[in-house]
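Colleague: Pasting the sequence and the predicted model now:
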Amino acid sequence: MTRAVVVGIDIGTTSAKAGAFDADGHETGANEVEYPLLEPQPGWAVQEPGVVVDAVVEATRRALAAAREADLDVAGLSFSTALHSLVGVDGDGAPLTDLLTWADQRASEQAERLKRERPHLHGQTGTPLHPMSPLTKLVWFREEEPELHAQVARWCGVKELVVHRMTGAWITEHSSGSATGLMSVQTLEWLDESLEVAGIAREQLCELAPTKHIMSLSAEGARELGCSGALPLVLGAGDGPLANLGVGATSPGVAACSIGTSGALRCMVERPVVDPRGRVFSYMLSEGRWVVGGAINNGGVVLQWAQEALAPELGAHEESKMMEIAAQAPPGSDALIMLPYLLSERAPHWSTLARGAYVGLTRAHRREHLVRAALEGVCQQLALVLASLRDAGQEVREIRATGGFARSELWRQLLCDALGQDVGFPEGHQGSGFGAALLGMEALGVIASFDRAAELIAVEETRTPDPAARDMYASMLPVFDALYDALGPAFAALRDLPQPAIPPAV
């Protein structure tokens, strides 16, 4: 009997990945096509729209070809997408702007002003008032490029460009919409106040639809993909919510934590969460399923910086040797704290002003202390996100962690100690692309429910906190947290000094 598969397509920040997944999580024909992340000016992080769309089409075409060669029954396509992207197009759908990614920081002043003047928009939309948000980017265009702003016929994100290329329709889904700052989490419609702030009309945005909405390929789209036009296309969702699905963190109280170049911690809930303090986001997965949590800018990039700045003699990609250096220092790094805000920071402060800092440095500290404190700073920042989740009323009884950091035994244990509870490490998780495929399988009737993910993803190892290290980090966390406010005036003053070019986070 021919196996039914769904091709999960993950539109990431630097590459498009596509693979055919069956209901047991087996993948066939995994393909990846990369594209550059450009920085034409300091703080800008953009891409060429056509290059990205071509890459997505090519990765999908290859995955479909591999599935046919394996004699698989392709039930359809389903998408995951990096959130917060923005591009303006003309009446014919041709891009008038670059594709601005989540890492683009040009709207910093607009974001800080909206936080002061309209803080309630965070609660109404679920999206923090931060330069990553398409809302703040639109305000930047309205204020800084008014002629271009007026020329744009439609504003959309990267997935909408891809779907338009494949189907001919301008449509998006509630998950991507919930991360724009433009959609009401209560009505699931575009929010009038956000539209007014952005200076655009409702007709300049795409139609909103459920994440399990099914479409058909256009004749041209089918030709490009080398398949039948009858192949269904499921709109899918954002990469963050789908990452929870991809590691089996689908039940309330089960959080997904990841540390790659950046990091995140999210848990699934049944309805959008309004955080009065504005510390967490609330993004949709599907009807009755939302994720609440926060992303951090500074994950593995902090280790990369530490190696370049503190151990350049090791050369590139020597993470294991850096861990050996860090292991020479004790938990807490002998009362040395690093604020790891090398690329400013997102959750829970959502600030573009933040800078990295070592606090508590003495003559007794050596290189191993600085390296370990850098790793501890990343984990302490995730501990703040976890505390923010709990402050917003969420119980977190289980954590599943993934990402490149998990290759290190030291970093696994350090995260567990800093979070202060057991952490499970899933076996061979497939991430957002697998999550997209599972959502597509449910929409197309291949499986009864994407809750099957929790059964498919086995936990390979569970780490338990070391009591002494856990207590050390718990005692340091209030100090770590307070330093952001204490150094706020210094951060603001430093902003007005000449700035080096900052490579964008990826």
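Modeller: Happy to help now that I have it. Source: prediction; values computed, not measured.
Colleague: pull the helix or strand with minimum mean pLDDT from the chain.
Modeller: The weakest-scoring helix or strand in the chain, judged by mean pLDDT, DSSP states H and E, is helix 453-456 (a mean of 84).
Colleague: so what's L161 scoring on pLDDT?
Modeller: L161 carries a pLDDT value of 98.
Colleague: right, and the helix or strand after the helix or strand where it lies?
Modeller: Per DSSP states H and E, L161 falls inside helix 158-167. Per DSSP H and E, the first helix or strand lying C-terminal to helix 158-167 is strand 171-173.
Colleague: which helices and strands does that following strand pack with?
Modeller: For strand 171-173, the packing partners by 3 or more CB pairs under 8 Å, 6 or more residues apart in numbering; DSSP states H and E come out as helix 158-167, strand 207-209, strand 232-238. Where C-beta positions appear, they are placed from N, C-alpha and C, glycine not excepted.
Colleague: go with 10 Å
Modeller: Under the contact definition 3 or more CB pairs under 10 Å, 6 or more residues apart in numbering; DSSP states H and E, strand 171-173 sits against strand 73-81, helix 158-167, strand 207-209, strand 232-238.
Colleague: Can you say which of these is packed in most?
Modeller: strand 232-238 (a mean of 28; mean count of other CB atoms under 10 Å).
Colleague: C-alpha coordinates for that one, CSV please?
Modeller: Output in CSV follows, covering the C-alpha atoms of strand 232-238 (Å, rounded to 0.1, in the frame of the first residue of the first chain):
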residue,chain,number,x,y,z
PRO,A,232,-4.0,20.6,-2.4
LEU,A,233,-2.1,23.4,-0.6
VAL,A,234,-2.7,24.0,3.1
LEU,A,235,-1.8,27.5,4.3
GLY,A,236,-0.1,26.3,7.5
ALA,A,237,1.2,28.5,10.3
GLY,A,238,4.1,30.4,11.8
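Colleague: In the sheet, which strands lie alongside it, parallel or antiparallel?
Modeller: Strand 232-238 has the following sheet partners, assigned by DSSP bridges: strand 73-81 (parallel), strand 214-216 (antiparallel).
Colleague: Which one, of the ones you listed, ends up nearest to E147?
Modeller: For E147, the closest of the strands paired with strand 232-238 is strand 73-81, at 29.3 Å, according to CB to CB.
Colleague: Tell me what angle the closest one forms with helix 158-167.
Modeller: Angle of strand 73-81 versus helix 158-167, following axes from the mean of the first three to the mean of the last three CA atoms, to 10 degrees, is 150 degrees.
Colleague: related to what we said a few turns ago, just how off-centre is the helix holding L161 within its chain?
Modeller: Averaged C-alpha coordinates place helix 158-167 at 20 Å from its chain's average position (CA atoms, centre = their mean, to the nearest Å).
Colleague: what about the closest residue to P331 other than its chain neighbours, neighbour count?
Modeller: Using CB to CB, 6 or more residues apart in numbering and skipping the chain neighbours, the partner closest in space to P331 is A469 (4.0 Å). The burial count assigned to A469 is 19, neighbours taken as other CB atoms under 10 Å.
Colleague: May I have the phi/psi pair for A469?
Modeller: Main-chain dihedrals, A469, degrees, to the nearest 10: phi -70, psi -40.
Colleague: That one contacts Q413, correct?
Modeller: Yes - using CB atoms under 10 Å, A469 is in contact with Q413, at 7.8 Å.
Colleague: list the residues that contact both of the two?
Modeller: Shared contacts of A469 and Q413, defined by CB atoms under 10 Å, 6 or more residues apart in numbering, comprise P331.
Colleague: okay, the strands paired with strand 232-238 in JSON lines with mean pLDDT and distance to E224 next?
Modeller: Below are the strands paired with strand 232-238 laid out as JSON lines (pLDDT from 0 to 100; distance: least, CB to CB, whole Å):
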{"stretch": "strand 73-81", "mean pLDDT": "97", "distance to E224": "12"}
{"stretch": "strand 214-216", "mean pLDDT": "97", "distance to E224": "14"}
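Colleague: Could I get those in CSV, plus columns for distance to R142?
Modeller: Formatted as CSV, the strands paired with strand 232-238 follow (distance: least, CB to CB, whole Å):
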stretch, distance to R142
strand 73-81, 25
strand 214-216, 32
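Colleague: Out of these, the one nearest V396 is which?
Modeller: Nearest to V396, of all the strands paired with strand 232-238, is strand 73-81, at 23.5 Å by CB to CB.
Colleague: can you give me how far that closest one is from the chain middle?
Modeller: When distances are taken as CA atoms, centre = their mean, strand 73-81 is centred 20 Å away from the chain's centroid.
Colleague: which is the next helix or strand following it?
Modeller: Using DSSP H and E, the helix or strand that follows strand 73-81 in sequence is strand 87-89.
Colleague: what sits up against that following strand?
Modeller: In contact with strand 87-89 (CB under 10 Å, 6+ apart) are residues 46-47, 49, 52, 95-100, 134, 137-138, 141, 145, 148-149, 151-158, 160-161, 164, 170, 200, 204.
Colleague: Stretch 303-323 too?
Modeller: Under the criterion CB under 10 Å, 6+ apart, residues 259, 261, 298, 300, 324-326, 338, 340, 342-343, 356, 367-368, 370-375, 378, 404-405, 407-411, 414 lie in contact with stretch 303-323.
Colleague: For the stretch 251-400 of the chain, which segments are assigned as helices?
Modeller: 300-310, 319-326, 367-391 (DSSP state H, counting those that start in this stretch).
Colleague: what's the neighbour count on T125?
Modeller: 27.
Colleague: distance between the ends of stretch 310-324?
Modeller: This stretch, stretch 310-324, spans 13 Å end to end (CA to CA, to the nearest Å).
Colleague: Same check on stretch 176-189?
Modeller: Per CA to CA, stretch 176-189 runs 12 Å from first to last residue.
Colleague: List the buried residues in that stretch.
Modeller: Neighbour-count burial for stretch 176-189, counted by 16 or more other CB atoms under 10 Å, picks out S176, G177, S178, A179, T180, G181, L182, M183, S184, V185, L188.
Colleague: With stretch 433-453 instead?
Modeller: Buried, per 16+ other CB under 10 Å, within stretch 433-453: 433-444, 446-447, 450, 452-453.
Colleague: Stretch 402-419 too?
Modeller: 402-403, 405-406, 408, 410-419.
Colleague: same thing with stretch 315-323?
Modeller: E319, M322, M323.
Colleague: Lowest-confidence one in these?
Modeller: For those, the least confident entry is E319, with 92.
Colleague: That one and V371, how far apart?
Modeller: 11 Å (CB to CB, to the nearest Å).
Colleague: And for L205?
Modeller: From L205 to V371 the distance is 46 Å (CB to CB).
Colleague: ok, those two, which is more surrounded?
Modeller: Neighbour count, other CB under 10 Å: between L205 and V371, V371 has more, with 27 against 22.
Colleague: And the pLDDT for that one?
Modeller: V371 is given a pLDDT of 98.
Colleague: Same question for the one 5 residues further on.
Modeller: Predicted confidence (pLDDT) for E376: 98.
Colleague: okay, now it: neighbour count?
Modeller: 29.
Colleague: G332 is in contact with that one, correct?
Modeller: Yes - in this structure, E376 is within contact of G332 by CB under 10 Å, at 7.5 Å.
Colleague: quick one on the thing from earlier: ok, the buried residues of stretch 176-189 vs V247, which is closest?
Modeller: A179 (19.5 Å).
Colleague: Confirm that the closest one lies within a strand, as I assumed.
Modeller: No - read with DSSP: H, G, I helix; E, B strand; the rest coil, A179 is coil and lies in no strand.
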